[in-house]
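# what's the 3D shape of this:
(one chain, ligands or ions: 1)
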Amino acid sequence: MDGVARPQAVSHVDVASYRDAVGRFPTGVTVLTARHGGRQHGMTANSFTSVSLDPVLVLACVARSARLHELIVAAGEWGVSVLAADAAGVSAEFASRGKGLGEALAGVPHHPGPYTGAALLDDALATFECRTVEVYGGGDHTILLGEVPDEYLLNYLTAANQAQPALRDLATYLENRIPGPDVTPDQLRERSWWRGPELFVIVDDYELVAASGRGPLLPLVEFLPQSRDIGLHLIIARSSGGASRAMYEPVIQRVRELGSPGLVMSASKDEGVLLGDVKCAPQPPGRGNLVRRRVPTSLVQTAWCG
Ligand SMILES: Cc1cc2nc3c(=O)[nH]c(=O)nc-3n(C[C@H](O)[C@H](O)[C@H](O)COP(=O)(O)O)c2cc1C
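Residues are numbered from 1 along each chain as shown. Purely as a prediction, here's the structure:
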């Protein structure tokens, strides 16, 4: 049982004629994907439809007999890759019952969606990631209504145990942006070997995040030296209390070694020197020293609303 309500329907329609007639209705074709419990799978589907713009809702119908059904219902989130007109071969691969779970995916270039981790095909015309908001019974199919989250907010995480898997997924996604040996100097200069959004990871109260002892930001450390090239921006804010002791925590240490810009705001003199040669001192609200590599440190006033 999958917990999906199924209304009974009595049909007097000849199924073969119905299939023939409905097959004359041209539609786009997508590959739906889901990942759950370490397993992932993809399935060709033409039932994908855009439903609403505010909020952004889409739907897809998945046969209860399809192997994706269990994964997509259990995962509660899924990926959609819209196939191009010349992708009939890909459509056939993902509609072939003879293949093992996830086997079609293994043969097609794809990357994990940064939000759901569900596979998204590299050659898709468009991709979506959805979170299931409603599940309806639809005869031998299940109708999934999915909300497409705000495209600019991948995630808002309030606890370390949420942050860990999300940042691991982000790290997996970023691996696709690391330039391979076939990337040309021109592509490197123009940053044109990858496509996609600039990614901003903003961490507030970092002392609480780091104190969790789980180091949720650690998966990002290896990408920091190339962050400019791969469109990764890491912004960390922390309280000044105890900051001098925290300067050797691995993420902060790496950020400092790379000469990233930093703003030292009001702090007790006891914290000593945190960045550059700035000695900590109490400051008026919003005032701080902006420390940058190869540029003299300057006293700046940030916006402040009392
Ligand atoms: C063009 C096309 C569109 C399809 N659309 C759907 C669909 O919307 N929903 C669905 O459950 N199956 C759809 N199917 C059938 C599944 O892709 C097919 O049964 C697949 O083998 C099921 O996955 P499984 O073999 O992993 O169980 C479609 C097949 C094709 C070729």
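
# Point out where this structure drops to low pLDDT.
For the chain, applying pLDDT under 70 flags the ranges 1-11, 150-155, 196, 212-214, 304-306.

# interface residues of it facing the ligand?
29, 43-47, 61-63, 66-68, 91, 95-97, 141 (Cβ under 6 Å from any ligand atom). The way it works is simple: take the backbone N, C-alpha and C, and place the C-beta from them, glycine included.

# so who does residue 259 touch?
292, 293 (Cβ atoms under 8 Å, 6 or more residues apart in numbering).

# Give me the phi and psi for it.
When read as degrees, to the nearest 10, the backbone of residue 259 gives phi 70, psi 30.

# Residue 290 now?
Dihedral pair for residue 290: phi -90, psi 120, per degrees, to the nearest 10.

# who's in contact with it?
Residue 290 touches 261, 262, 263, 297, 298, 299, 300, counting by Cβ under 8 Å, 6+ apart.

# Next: residue 102.
39, 40, 41, 42.

# which SS class is the last one?
Assigned state for residue 42: strand (three-state reduction, DSSP: H, G, I helix; E, B strand; the rest coil).

# Contact partners for the nearest residue to it once chain neighbours are set aside?
Leaving aside its sequence neighbours, residue 42 sits nearest to residue 33 (Cβ to Cβ, 6 or more residues apart in numbering; 4.4 Å). Shown in contact with residue 33 (Cβ under 8 Å, 6+ apart): 40-43, 68, 78-81, 105, 110, 118-120.

# now, which of those lie within strands?
40, 41, 42, 43, 78, 79, 80, 81, 110, 119, 120 (DSSP state E).

# Tell me the one among the residues you listed nearest to residue 13.
Distance to residue 13, by Cβ to Cβ, is smallest for residue 43 among these, at 24.9 Å.

# Number of residues surrounding that closest one?
The number of residues packed near residue 43 is 21, by other Cβ atoms under 10 Å.

# Please report the distance of residue 227 from residue 178.
Distance of residue 227 to residue 178, given as Cβ to Cβ, to the nearest Å: 11 Å.

# Also residue 222?
9 Å.

# quick revisit: can I take it that the residue nearest to residue 42 is in a strand?
Yes: counting by three-state DSSP, residue 33 is located in a strand.

# how near is it to residue 113?
From residue 33 to residue 113 the distance is 8 Å (Cβ to Cβ).

# Spell out which residues are contacts of both of those two.
Shared contacts of residue 33 and residue 113 (Cβ under 8 Å, 6+ apart): 79, 119, 120.

# Can you tell me which of those has the most neighbours?
For the shared contacts of residue 33 and residue 113, the largest number of neighbours (other Cβ under 10 Å) sits with residue 79, at 29 neighbours.

# surely it meets residue 118?
Yes: if you go by Cβ atoms under 8 Å, residue 79 and residue 118 touch, sitting 3.3 Å apart.

# picking that back up, of the contacts of residue 33 - the most surrounded one?
residue 42 leads the contacts of residue 33 on contacts (other Cβ under 10 Å) with 31 neighbours.

# Please report the number of neighbouring residues for the residue of the stretch 201-306 of the chain found nearest the ligand.
Distances between the stretch 201-306 of the chain and the ligand by Cβ to the nearest ligand atom are smallest at residue 219, namely 31.0 Å. Residue neighbour count, defined by other Cβ under 10 Å, stands at 18 for residue 219.

# just to revisit the earlier point, when residue 227 and residue 178 are compared, which one has more neighbours?
Per other Cβ under 10 Å, whichever of residue 227 and residue 178 has more neighbours is residue 227, with 18 against 14.

# my guess is the more buried one is in a strand, correct?
No: remark: residue 227 does not belong to a strand; assigned using three-state DSSP, it is helix.

# How about the contacts made by the closest residue to the ligand within the stretch 101-250 of the chain?
Distances between the stretch 101-250 of the chain and the ligand by Cβ to the nearest ligand atom are smallest at residue 141, namely 5.9 Å. Listed by Cβ under 8 Å, 6+ apart, the contact set of residue 141 reads 47, 61, 62, 63, 64.

# cool, and residue 293?
259, 261.
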